[in-house]
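*Asks:* how does the following fold in three dimensions:
(one chain, ligands or ions: 1)
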Amino acid sequence: MTSQASDYKADVVVVGGGIVGLATAYAVLKKSPKTKLVVLEKDSQVGAHQTRHNSGVIHSGLYYKPGSLKAKNCLDGYTKLLQFCRENEIKHEICGKVVVATSQAEIVQLEMLYQRGLANGLTGIRKLDSREIPEIEPFCSGVAGLFVPQTGIVDYGEMVDVLKQKVLNMGAEVLTNQQLVQIDERRRA
Ligand SMILES: Cc1cc2nc3c(=O)[nH]c(=O)nc-3n(C[C@H](O)[C@H](O)[C@H](O)COP(=O)(O)OP(=O)(O)OC[C@H]3O[C@@H](n4cnc5c(N)ncnc54)[C@H](O)[C@@H]3O)c2cc1C
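*Replies:* Sure thing, here's the model as predicted:
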């Protein structure tokens with residue numbers, strides 16, 4: 001923290017006001033509403049880095065190894081994210097996604113993704129031949145494809161703004177232009 005905030009006292013300090021930091025702050029406050037919590041963000045705006053510069057895809061768990069923590073997190077996160085969007089009226093659309101093999105050599109990987117999708121519980125996932133691909137997505141072509149109906153799109157910038165407002169409403173502070181520059185470890189007296 002810079003000198004103007006150096007005597008600030010809090011139970012929990014979250015460093016970084018991206019979607020991970022603000023979602024963490026929200027989870028802590030939901031579990032322990034009395035926590036004095038502060039989020040430090042070095043930029044002038046929350047979510048200004050990767051959060052507002054990603055592809056806006058709501059991932060459905062197609063890629064991860066079935067049974068792995070990544071697969072479990074992705075599937076749990078998918079449900080929670082959609083619930084959060086609905087509760088907070090965040091614009092989103094479950095438009096589905098097309099994954100394509102652009103050569104015969106990529107068909108093996110496509111088949112692996114199909115099997116993973118099935119094992120991860122993605123109902124409705126289906127194989128496409130080369131003619132069906134542009135019927136779903138006219139700007140796409142390939143030798144074979146998959147259609148994954150659960151994938152969606154959302155504006156993560158809007159989501160991070162909602163998260164910021166929620167943690168503020170829950171009594172936290174979100175300090176922008178505040179960079180963590182050093183951590184001094186001290187024993188409690
Ligand atoms: C090209 C690309 C596309 C992607 N597309 C998707 C997608 O479609 N869907 C999806 O779910 N995921 C996607 N991701 C991943 C997703 O964007 C990230 O997982 C997510 O945004 C990470 O959030 P974050 O809060 O960890 O990081 P950030 O949003 O980068 O937030 C970190 C924050 O910490 C602040 N900070 C850093 N150091 C300090 C410090 N010392 N003191 C104070 N503040 C500090 C930064 O200023 C920043 O605001 C994509 C990633 C990339 C690279």
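
*Asks:* find the nearest non-adjacent residue to residue 12, please.
*Replies:* residue 37 (4.5 Å; C-beta to C-beta, 6 or more residues apart in numbering). The way it works is simple: take the backbone N, C-alpha and C, and place the C-beta from them, glycine included.

*Asks:* next up, phi/psi of that neighbour, please.
*Replies:* Backbone torsions for residue 37, taken as degrees, to the nearest 10, come to phi -120, psi 140.

*Asks:* what is the neighbour count of it?
*Replies:* 22 (other C-beta atoms under 10 Å).

*Asks:* pretty sure residue 51 is in a strand, no?
*Replies:* No: counting by DSSP: H, G, I helix; E, B strand; the rest coil, residue 51 falls outside a strand, being helix.

*Asks:* any idea how far residue 86 is from it?
*Replies:* Counting by C-beta to C-beta, to the nearest Å, the separation of residue 51 from residue 86 is 20 Å.

*Asks:* tell me which of the two has more neighbours.
*Replies:* residue 51 (20 against 10).

*Asks:* show me what contacts the more buried one?
*Replies:* 18, 19, 156, 157, 160 (C-beta atoms under 8 Å, 6 or more residues apart in numbering).
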